[in-house]
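Novice: One predicted model, sequence on top.
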Amino acid sequence: MNNILLALFAAGFIFLLSAQNWQRSIKAVLVLVVLEGVLRKWVLPQASQFIYFLKDFVLISAYLRYFLLSPVQIRLFTQKTTILVLVGCMAVWGGIQAFNPSLGSPIIGLFGLKNYFLYIPLIWLVPQMFGTEEDLYRFIRHYLLLLIPVGLLATAQFFSPPTSPLNVYAWGEEGPAVVTSGLDTVRVTGTFSYLTGYSTYLLACLCLLLPIISRPQPRLWQTLTLVEGALIVATSFMTGSRGLVFGSVLLIAGYGFLLAAASFSNFFRSARKLILPGIISFLLVSQGARLAFDSFVNRVETVNDSVTTRISSSFLQPFSNFQLKGLDGYGLGATFQANSIIRRLFRLPPGETIPVGYESEMGRVALEVGPIGFFLWYGLRLVLLFSLFRVFLQLTHPFLRQLALSTFVYQSVTIISQMVYNHTASVYHWFFYGFILLLPYLERVHQWQHTQQFGLLYGHSTHFTGTSHQ
């Protein structure tokens, strides 16, 4: 009882603190995603389950502050009506599936609703977090600084034995031993609770780093950018994650190809700036991090399944899963990995047994919401993907355009990856989807500022539509 009261008091305090400034709270969520594992593994392991929901408490309080106590900009919700309609349809179907009798209890469905829908409002809140392109650039630049201590910790984990206090997971002593890869080296997690979180973080940071590299920066920040890029490369091999390494290759290749196809001059300037970090990263991996590279290659050669098999099964598995329940599913949250803990904590009855194994995201979504929900969910994600590509084609500002391109390729590469039940990926995916509305707005601000400077030069003033600035 004391623990419950303490948790309620802590949750209330977090609510009040986060509601003071919703923009700052959303930025705090992005930081908590990185530092959550530190709290769960080393600082307060006894409160691991509460800390898992900490960022959700912060985000909900930010939503309440925005929707109840701030002037809501309705025009943002009507700019992309197709997205809003698909979100609404999926929310209705998801609400129905949250009360599916196969779950055994609607409490499981409530957790499923949280995993699917909690981060979606970021699409409309992110466009109001940054006033200018410079504000966005400064935030990304400072956020990427977290890569340095996180990457150094991951490096220390890699060269430490599996029994080291650095190499633990958030599930504590009752969980399995730390996963090792080839050559008796551990698969690093950095500050994250598990392997998947760190891999997701590295790919998201690479997505943000690619446009930063080609942007003009002071010498100090150029050096820090090179260090961050080198740490991404080196520690990616230390994770032993084939999905991360191959996904990074596809992200870089897709980004370069589309940039060259759209504007070869911009591609040439960006490629020229990538030569030095590329050489440094190659030398780092081939010499200083040779053990990490060899360990990754050893794992690739010894695993039972291939990447192509896993990709093809991700697309085929949903259609075989559709045959189990017809148009219905097993309910929202049926495949949530924490269901056993939730049922034990709330003393819930067992749900209907799912007769097949599940690992891929697409297969799990098909099991939970059936074919109707499946096509609504992935239809929404495809519309969002297409919208990002349209934003890329429409923008003219180099940095904003390259940022739109990078996020588009990132979303394309990760379309079949875990998102619903990978809370780290959920935060980054929906934050990046917010760029659909944010980046065109920032370009309009930039154009207005340029016009304003030109008008002041000749004694005129201009007005930026939709703002109070003149």
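Specialist: On my side now, so go ahead. Numbering: from 1, shown residues only.
Novice: who does the host helix or strand of residue 291 touch, helix- and strand-wise?
Specialist: Counting by DSSP states H and E, the element that carries residue 291 is helix 290-302. Counting contacts by 3 or more Cβ pairs under 8 Å, 6 or more residues apart in numbering; DSSP states H and E, helix 290-302 is packed against helix 219-239, helix 242-262. Every C-beta, even on glycine, is put in place using the N, C-alpha and C of the backbone.
Novice: helices or strands next to the helix or strand following it in the packing?
Specialist: Sequence order places helix 307-325 as the next helix or strand after helix 290-302, per DSSP H and E. Judged by 3+ Cβ pairs under 8 Å, 6+ apart, helix 307-325 is in contact with helix 242-262, helix 361-394.
Novice: can we see that at 7 Å?
Specialist: Contacts defined by 3 or more Cβ pairs under 7 Å, 6 or more residues apart in numbering; DSSP states H and E place helix 307-325 against helix 361-394.
Novice: for the helix it packs on, the distance to its chain's centre please.
Specialist: Centroid separation for helix 361-394 versus its chain: 16 Å, with Cα atoms, centre = their mean, to the nearest Å.
Novice: That one: what's the following helix or strand?
Specialist: helix 398-413.
Novice: Show the average pLDDT along that next one.
Specialist: Helix 398-413 comes out with an average pLDDT of 96.
Novice: Touching it from outside, list them.
Specialist: With Cβ atoms under 7 Å, 6 or more residues apart in numbering as the test, helix 398-413 has contacts from 133, 137, 207, 210-211, 214-215, 247, 250-251, 254-255, 258-259, 266, 385, 388-389, 391-392, 395, 429, 432, 435, 439, 442-443.
Novice: repeat that with 8 Å
Specialist: Contact partners of helix 398-413, identified using Cβ atoms under 8 Å, 6 or more residues apart in numbering, comprise 133, 136-137, 203-204, 207-208, 210-211, 214-215, 247, 250-251, 254-255, 258-259, 262, 266, 270, 381, 384-385, 388-389, 391-392, 395, 429, 432-433, 435, 439, 442-443, 446.
Novice: Please apply the same query to stretch 23-43.
Specialist: Contacts of stretch 23-43 (Cβ under 8 Å, 6+ apart): 18-19, 47-48, 51-52, 54-55, 58-59, 61-62, 65, 122, 125-126, 128-129, 139, 143, 146, 150, 165, 168-170, 189-194, 197, 201, 423-424, 427-428, 431.
Novice: any idea how this structure splits into domains?
Specialist: What the record gives for the chain is the domain set 1-72, 73-455, from automatic domain parsing.
Novice: Same list, these, but as CSV with mean neighbour count please.
Specialist: CSV is the format used below for the domains of the chain (neighbours: other Cβ atoms under 10 Å):
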stretch, mean neighbour count
domain 1-72, 16
domain 73-455, 18
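Novice: mind listing what residue 84 touches?
Specialist: Contacts here follow Cβ under 8 Å, 6+ apart; on that basis residue 84 touches 77, 78.
Novice: Find me the pLDDT at residue 450, would you?
Specialist: 74.
Novice: can you tell me how far it sits from residue 397?
Specialist: 10 Å (Cβ to Cβ, to the nearest Å).
Novice: Could you do residue 309 as well?
Specialist: Per Cβ to Cβ, residue 309 is found 42 Å from residue 397.
Novice: before we move on, the earlier item: if you average pLDDT over each of the domains of the chain, which is lowest?
Specialist: domain 1-72 has the lowest average pLDDT among these, namely a mean of 80.
Novice: gap between it and the chain center?
Specialist: The gap between where domain 1-72 is centred and where its chain is centred comes out at 18 Å by Cα atoms, centre = their mean.
Novice: same thing with stretch 423-441?
Specialist: 9 Å.
Novice: In CSV, could you pull the C-alpha coordinates for that stretch?
Specialist: Taking C-alpha atoms only, stretch 423-441 is exported to CSV below (Å, rounded to 0.1, in the frame of the first residue of the first chain):
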residue,chain,number,x,y,z
HIS,A,423,8.1,2.6,-27.0
THR,A,424,11.4,4.2,-28.0
ALA,A,425,10.5,3.8,-31.7
SER,A,426,7.0,5.1,-31.1
VAL,A,427,8.2,8.3,-29.7
TYR,A,428,10.6,8.9,-32.6
HIS,A,429,8.2,7.8,-35.3
TRP,A,430,5.4,10.1,-34.3
PHE,A,431,7.8,13.0,-33.5
PHE,A,432,9.2,12.7,-37.0
TYR,A,433,5.7,12.5,-38.5
GLY,A,434,5.2,15.9,-36.9
PHE,A,435,7.6,17.3,-39.5
ILE,A,436,4.9,17.0,-42.1
LEU,A,437,3.3,20.2,-40.7
LEU,A,438,6.4,21.6,-39.0
LEU,A,439,8.9,21.9,-41.9
PRO,A,440,6.6,23.7,-44.4
TYR,A,441,5.7,26.2,-41.6
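Novice: For the stretch 51-200 of the chain, just list every one of the helices.
Specialist: With helices called from DSSP state H, counting those that start in this stretch, the stretch 51-200 of the chain shows them at 54-69, 74-79, 81-97, 106-117, 122-125, 133-143, 147-158, 195-213.
Novice: for those helices, which one sits closest to residue 371?
Specialist: helix 81-97 (10.8 Å; Cβ to Cβ).
Novice: In which helix or strand does the closest residue to residue 104 other than its chain neighbours reside?
Specialist: Closest residue in space to residue 104, ignoring its immediate chain neighbours: residue 351 at 3.5 Å, by Cβ to Cβ, 6 or more residues apart in numbering. Using DSSP H and E, residue 351 sits within no helix or strand.
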